[in-house]
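K.L.:
Sequence below, structure please.
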Amino acid sequence: MATNRRARHDYDILETLECGLVLVGSEVKSLREGTAQIAGSYVRVDDNELWLFQMHVPPWSYAVGFGSHDPDRKRKLLVHRREIEQWRHKANAQSLAIIPLKLYFKEGRAKVEIGLAKGRKQQDQRQALAKRDAERDMARAVRHAEKFG
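P.N.:
Prediction:
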């Protein structure tokens, strides 16, 4: 439904985790329309719970008044307590960020993939881009050699 493509450019993803989301009915229907945005959102540990901030889920087009929801409210993530403690310890010890990478449905339930990430500097971003381009060129050359012998 939504991916945070900018996250893989700005961060080195060290570890990923799949989480459930606590949503209200109109949010689920809006997500099924595919209009959610997770770019610029982040995850934080508050009171031993994971919360997703700044994810924009626009109101469902048919929900009015009582049935609608706040599009930018914080949303609770469903994760085992043991995993929350591990991630909080890693994030605090190494000054890492927890960011959402992907939002999708799995067996009818909304899931979000979060990543433990280390920020890249501008030079690191350029090096990663150059490495990716070099790998593409090598793969292209191999395919061309196989095709034309």
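K.L.:
so where do the helices sit in this protein?
P.N.:
For the chain, the helices identified by DSSP state H occupy 5-10, 25-32, 81-94, 122-148, in order along the chain.
K.L.:
looking at the ones you listed, which is buried most?
P.N.:
Ranked by average neighbour count under the criterion mean count of other C-beta atoms under 10 Å, these are headed by helix 25-32 at a mean of 18. Placement of C-beta: from N, CA and C, glycine included.
K.L.:
Contacts for that helix next, please.
P.N.:
If you take C-beta atoms under 8 Å, 6 or more residues apart in numbering as the criterion, helix 25-32 is touched by 1, 23, 36, 57-60, 62-63, 67-69, 103, 105, 110.
K.L.:
and Ile99, bridged to which residues?
P.N.:
Judged by DSSP bridges, the bridge partners of Ile99 are Gly115.
K.L.:
just for this protein, where's the confidence low?
P.N.:
When residues are selected by pLDDT under 70, those of the chain lie in 63-68.
K.L.:
picking up where we left off before, how about CSV for the helices of the chain, with distance to Ile114 added?
P.N.:
Below are the helices of the chain laid out as CSV (distance: least, C-beta to C-beta, whole Å):
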stretch, distance to Ile114
helix 5-10, 10
helix 25-32, 17
helix 81-94, 8
helix 122-148, 21
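K.L.:
Among those, which comes closest to Gly40?
P.N.:
helix 5-10 (8.1 Å; C-beta to C-beta).
K.L.:
related to what we said a few turns ago, generate a ChimeraX selection restricted to the buried subset of the contacts of helix 25-32.
P.N.:
Here is the ChimeraX command that selects the buried residues among these (16 or more other C-beta atoms under 10 Å):
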select :1,23,36,57,58,59,60,63,68,69,103,110
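K.L.:
Trp51 is nearest to which of the helices of the chain?
P.N.:
Shortest distance between Trp51 and these, using C-beta to C-beta, is found for helix 81-94: 10.8 Å.
K.L.:
list the helices and strands the closest one packs on?
P.N.:
With contacts defined as 3 or more C-beta pairs under 8 Å, 6 or more residues apart in numbering; DSSP states H and E, the packing partners of helix 81-94 are strand 11-21, strand 42-46, strand 49-53, strand 97-106, strand 109-119.
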